[in-house]
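**Student:** Predicted structure and sequence below. I'll ask about it afterward.
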Amino acid sequence: MNARLKMTASRRRLVSLLISISPALILIGALFLLPLLRLIQLSTTDAYPKPSEVLTFENYAEIFARAFHLTSLVTSLELAVVVTVITAVLGYPLAYYLVRSTSRYKALILLAIISPLLISVVVRSIGWLILLGREGVVNQLLLSLGLVSEPLQLLYNFMTVVVGEVNILMPFMVLSLTTSLSQIPRSLEEGASVMGAGAVQRFLRVTLPLSAPGLISGAMLVFILTMGSYVTPQMLGGGKVNVITTDIYSRMMVDFDWPMGAALSVVTLLLTLSVVVVMSRIQSRLMGGMTR
Amino acid sequence: MSQEMLSTTLPPATVPARRGRAGKRRATPRMLGLYAAVMALLSALPLLILIPVSLNPKPVVGFPEGGLSLAWYVKVFEGTNFPEAFLTSFLVGIVSTGISLIAGSLAAWGLTRNRFKGVALVEAFLLSPLLLARIVYGIAMLIVLTQFGLIRTTSGLIVAHAVIVMPYVVRIVGSTLLGIPKSLEEAAAVLGAGQVRTFARITFPLLRPGLIAATIFGFITSFDEFTMTVFLVGAQTRTLPVEIFRYAELIVDPSVAALSVMLILGTLVAVIVLERTLGLEKVLKA
């Protein structure tokens, strides 16, 4: 009797659990997983909507055979590496400030830094266009100050895209660093100083190792998001900076070569996935080393 | 542990010296504060610049000379497609957030209140859309929605946005639920409250800030989405970010700056509400 009561209680729990998670599971399963599988399947056909070959890897072969696709892939990787490094170097002191400072302007600074998470990147890009355009505010300023005799070409190059990306991805780096940094007890840093460590030594031996998990997850996020970003390379690169996402857009919406666009998407997916796997390996090894 | 170490290994003479130093020194060096302020200013600059440009009386993208004008704000509502696009974005945002709020909160509830084998796996599955590049998901949905005849329709946009928003709801509501001590619910049960009453009187009031924060953040996420949406819209169903993008491809004039300023002001209101409910930083870190 008692056992039966227990059984029904646990069964009731199971039923309520299934009822609570099934709408979300169905939503993600039917509208996320299945479309992804369909995307992968389409990438292995030779034409849309009526393929003559059902399974072919020609699209993938073409990506690595044609200079155009390969160049955009390499540019994407370059961009992701450069943006990740710059975001880490510029973001670290910023995160440190946000964790340690007691200034009353701190909230305002935080709001400015994380504003890219709240305002559409399209709006922000308009701002950059107005600032950096040929007749933009910066050029007007430089001209009126007599610093240059003709407007500088500040837009539509690799560095402009880097600036735009660093700007919008900084919040991800800073927030994941502040999570790590705020867990370091102040007394550890003070202890290092008292024991005679200089500022550099204290940073390298105490602060940096203890914040490494946050740094790595921040770097991982920034890398993935740069690889997948489209608006900034398109609006600030102005067609002069070809990356994998702009390549995908052209294949899908200009050439209507959907199998090729799908194959490029799958390559993006696999690249970002492998970065996630490698970075989480490094992270868990670091964490393991710390508890040991 | 370190406190103990300090007090046993340090001679007492260093203690007043430390206090003196702490009194004089700031929590962070002045240079660091200056650096943070410059970075914040640079980050805000592309948004701040829109304000003077939007007030320019002349059709010039630059600082206004000879007076200010609100004419461009009026122009946003007359002779552009922005109002229609705003309505599309608003509708898609409300409905997709509503769907994700129901499905996501229920899932968060199930996942935090039951410890069963595979809970981590289910959670990872529900959060997986966060890791996928939006453009890849956009392409996948373009293919599938075309197949089902839902491409370029508002319904198609709504389901795609629901998938994007739901993981955030699971995380924000989930972290709020984890913050509610189970002992409170148990105490209510011990005192004779049934399941419904416990939920209505204890759990729901404590959960409400999380639900409000998830709703606002979910809506913002949907409202700002571009990279996936651009593949799914039609001429009649362009969302606001897509319409702004299309407009700016042709011309950047003060009216698009005026629209942007209005969006920034609207977002500021939402941010204030977020700060008053869960706290902005907590929402973003959930």
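**Tutor:** Everything's here; your move.
**Student:** and residue 91, what does it touch?
**Tutor:** Assuming you mean chain A. A:170, A:173-174, A:177, A:218 (Cβ atoms under 8 Å, 6 or more residues apart in numbering or on different chains). (Glycine included, C-beta is placed from N, CA and C.)
**Student:** wait, chain B
**Tutor:** residue B:154.
**Student:** what about it, distance to residue A:82?
**Tutor:** From residue B:91 over to residue A:82 the distance is 39 Å, taken as Cβ to Cβ, to the nearest Å.
**Student:** just to revisit the earlier point, so which of the contacts of residue A:91 are also by chain B?
**Tutor:** residue A:170 (Cβ under 8 Å from any Cβ of the partner chain).
**Student:** just the contacts of residue A:91 now: which is nearest chain B?
**Tutor:** residue A:170 (6.8 Å; Cβ to the nearest Cβ).
**Student:** And the pLDDT at the closest one?
**Tutor:** Note on residue A:170: pLDDT of 98.
**Student:** Just the buried residues of the helix or strand hosting residue A:287, please?
**Tutor:** Assessed by DSSP states H and E, residue A:287 sits inside helix A:258-291. Buried positions in helix A:258-291, judged by neighbour count with 16 or more other Cβ atoms under 10 Å in any protein chain shown: A:258-269, A:271-272, A:275, A:279, A:283.
**Student:** Show me what that helix is packed against.
**Tutor:** helix A:34-43, helix A:58-65, helix A:67-100, helix A:208-228, helix A:244-250, helix B:134-147 (3 or more Cβ pairs under 8 Å, 6 or more residues apart in numbering or on different chains; DSSP states H and E).
**Student:** Tell me the buried residues in the fourth one?
**Tutor:** Looking back up the chat, that one is helix A:208-228. Those buried within helix A:208-228 under the rule 16+ other Cβ under 10 Å are A:210-228.
**Student:** I'd like the C-alpha coordinates of that helix written as CSV, please.
**Tutor:** C-alpha atoms of helix A:208-228 as CSV (Å, rounded to 0.1, in the frame of the first residue of the first chain):
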residue,chain,number,x,y,z
LEU,A,208,44.7,36.6,-14.1
PRO,A,209,44.8,32.9,-13.3
LEU,A,210,41.7,33.2,-11.1
SER,A,211,39.8,35.1,-13.7
ALA,A,212,40.9,32.8,-16.6
PRO,A,213,37.5,30.9,-16.8
GLY,A,214,35.7,34.2,-17.3
LEU,A,215,38.2,35.3,-19.9
ILE,A,216,37.9,32.0,-21.8
SER,A,217,34.1,31.9,-21.9
GLY,A,218,34.1,35.6,-22.9
ALA,A,219,36.6,34.9,-25.7
MET,A,220,34.5,31.9,-26.8
LEU,A,221,31.3,34.0,-27.0
VAL,A,222,33.0,36.9,-28.8
PHE,A,223,34.6,34.5,-31.3
ILE,A,224,31.3,32.7,-32.1
LEU,A,225,29.4,36.0,-32.3
THR,A,226,31.9,37.6,-34.7
MET,A,227,31.8,34.5,-37.0
GLY,A,228,28.1,34.8,-37.1
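**Student:** Quickly check: the following helix or strand past it near chain B or not.
**Tutor:** Proceeding N to C from helix A:208-228, the next assigned helix or strand is helix A:231-237, under DSSP H and E. Yes. Interface with chain B: helix A:231-237 contributes A:231, A:235 (Cβ under 8 Å from any Cβ).
**Student:** and helix A:231-237, how far from the chain's centre?
**Tutor:** Relative to its chain's centre, helix A:231-237 lies at 15 Å (Cα atoms, centre = their mean, to the nearest Å).
**Student:** what's next to that helix, contact-wise?
**Tutor:** Residues outside helix A:231-237 that contact it (Cβ under 8 Å, 6+ apart) are A:79, A:121-122, A:125, A:128-129, A:132, A:155-158, A:160-161, A:163-165, A:168, A:241-243, A:245-246, A:249, B:226-227, B:245, B:248.
**Student:** So which of those residues are in helices?
**Tutor:** A:79, A:121-122, A:125, A:128-129, A:132, A:158, A:160-161, A:163-165, A:168, A:245-246, A:249, B:245, B:248 (DSSP state H).
**Student:** and stretch B:125-145, which residues are buried?
**Tutor:** B:125-127, B:129, B:131-145.
**Student:** I meant stretch A:245-258, not that one.
**Tutor:** By neighbour count on 16+ other Cβ under 10 Å, the buried set for stretch A:245-258 is A:245-252, A:257-258.
**Student:** do stretch A:48-63 as well
**Tutor:** In stretch A:48-63, counting by 16+ other Cβ under 10 Å, buried: A:48, A:59-60, A:63.
**Student:** what does it contact?
**Tutor:** A:42-46, A:69-70, A:73, A:256, A:258-260, A:262-264, A:267.
**Student:** now stretch B:234-252
**Tutor:** Taking Cβ under 8 Å, 6+ apart as the rule, stretch B:234-252 contacts A:120, A:122-123, A:125-126, A:129-130, A:133, A:231, A:235, B:61, B:80-82, B:84-86, B:88-89, B:92, B:151-154, B:157, B:223-226, B:229-230, B:233, B:256, B:259-260, B:263.
**Student:** can you check stretch A:138-151 too?
**Tutor:** Contact partners of stretch A:138-151, identified using Cβ under 8 Å, 6+ apart, comprise A:131-135, A:152, A:154, B:62-63.
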